[in-house]
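A.B. asks: Provided below are the primary sequence and the corresponding predicted coordinates.
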Amino acid sequence: MVDLKLVDYIKRHLQKGYKENELKDILIKNKWDKNEVTEAFAYLSSKKEPVQKPASKPAQLTETSVTQQNQLIALKQFIKKSRQKGISDQEIKTALLAKRWPADVVAKGFEGPAQVQEKVQEQKPKQPKKPFNFKLLMWYVLAFIVASIILTGTIFVYYYVLGLSEYTINVNGEEQRGKCLELDCSDMKDHAFDYAMDSIVLMLAIGIGAALLIVLLYALLPVKNAILWIVNILYFLFLVYIGIRWIVFNQSI
């Protein structure tokens, strides 16, 4: 859906004389989504609302010769450069009159489109405040919850496998690892489950902390794809490690 505040902002600054590409650059630099900006300009075009351009002042030198016009242009450029150096208008006028410039020409040098254009260039458009994206926030919250559950569950499986591999029984005074007393090995399973539950607080802390770190890095850093690749590789390696522990345990039975 088109952001009407953004459309109004674009329309007002087009009326002030800013070009479309110039406004697009300003908005994108201020973290507006490129697609939202494009949609706003397309919306204005579809409405076919005529954008009122700033009224240009009539040429003030229509009766002067080409030479006088060139002199006036050079004078305006001199005035502009002097202002940029911090020289006041009164000092500029005094210096020009001292060099025998006609008073009426000097007065015209401080008037007209050149002065108006300078004011337009100095005036920076106010940036519209980008609305808070609640939909994106909800996606991040959902991703955090899912990641916390997956990571905590995976760590629980890891501790469960450790509990199985460390279960020992005493047969005729000899301790045997990887053996169980019950036919369904319920004694070994109960031990592994209790072993994992003893560390449930640590699992939750690691799972929630890791999930929060992943979501924050993904939200704040520009290299989002690289972050996803690193997380997936690390998670895959952890699963491989759990699988190796499980295989070693089965071979020891």
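C.D. replies: Everything's here; your move.
A.B. asks: Tell me where the model's unsure across the chain.
C.D. replies: 1-2, 47-67, 112-128, 178, 252-253 (pLDDT under 70).
A.B. asks: So which residue of it lies furthest out from the middle?
C.D. replies: Ranked by distance from the centre of the chain (C-alpha atoms, centre = their mean), the top residue is residue 172, with 67.4 Å.
A.B. asks: what residues go with each domain of the chain?
C.D. replies: Using automatic domain parsing, the domain parsing of the chain gives 4-47, 66-111, 134-252.
A.B. asks: The residue nearest to residue 109 when sequence neighbours are not counted: what's it in contact with?
C.D. replies: Residue nearest to residue 109 in three dimensions, not counting chain neighbours: residue 75, with 4.1 Å by C-beta to C-beta, 6 or more residues apart in numbering. C-beta coordinates here come from the backbone N, C-alpha and C atoms, glycine included. Residues counted as contacts of residue 75 (C-beta atoms under 8 Å, 6 or more residues apart in numbering) are 96, 101, 105, 106, 109.
A.B. asks: can you rerun that using 10 Å?
C.D. replies: Residue 75 makes contact with 92, 96, 101, 105, 106, 108, 109, 110, 114, according to C-beta atoms under 10 Å, 6 or more residues apart in numbering.
A.B. asks: now residue 20
C.D. replies: Counted by C-beta under 10 Å, 6+ apart, residue 20 has contacts 10, 13, 14, 41, 44, 45, 51.
A.B. asks: and the residue positioned nearest the centre of the chain, which of the three is it?
C.D. replies: Geometric centre of the chain, nearest residue: residue 31, 6.0 Å, by C-alpha atoms, centre = their mean. Per DSSP: H, G, I helix; E, B strand; the rest coil, the local secondary structure of residue 31 is coil.
A.B. asks: show me the contacts for the residue nearest to it when sequence neighbours are not counted.
C.D. replies: Spatial nearest neighbour of residue 31, excluding adjacent residues (C-beta to C-beta, 6+ apart): residue 130 at 6.3 Å. By C-beta under 10 Å, 6+ apart, residue 130 lies in contact with 3, 5, 6, 27, 30, 31, 32, 33, 36.
A.B. asks: Over to residue 130. Which of the three states is it?
C.D. replies: Quick answer, by three-state DSSP: residue 130 is coil.
A.B. asks: Phi and psi next, for it.
C.D. replies: phi -70, psi 130 (degrees, to the nearest 10).
A.B. asks: separation between it and residue 137?
C.D. replies: 14 Å (C-beta to C-beta, to the nearest Å).
A.B. asks: returning to what we had before: top of the contacts of residue 130 by neighbour count?
C.D. replies: Of all the contacts of residue 130, residue 27 has the most neighbours under the rule other C-beta atoms under 10 Å, reaching 24 neighbours.
A.B. asks: could you say which helix or strand contains it?
C.D. replies: helix 20-29 (DSSP states H and E).
A.B. asks: Would you mark the buried spots in that helix?
C.D. replies: Within helix 20-29, the residues that count as buried by 16 or more other C-beta atoms under 10 Å are 23, 24, 26, 27.
A.B. asks: Show the subsequent helix or strand relative to it.
C.D. replies: For helix 20-29, the following helix or strand on the C-terminal side (DSSP H and E) is helix 34-47.
A.B. asks: and that next one with helix 20-29, angle?
C.D. replies: With axes from the mean of the first three to the mean of the last three C-alpha atoms, to 10 degrees defining the directions, helix 34-47 sits at 150 degrees from helix 20-29.
A.B. asks: any residues touching helix 34-47, and which ones?
C.D. replies: 1-11, 14, 20, 23-28, 32-33, 49, 51, 130.
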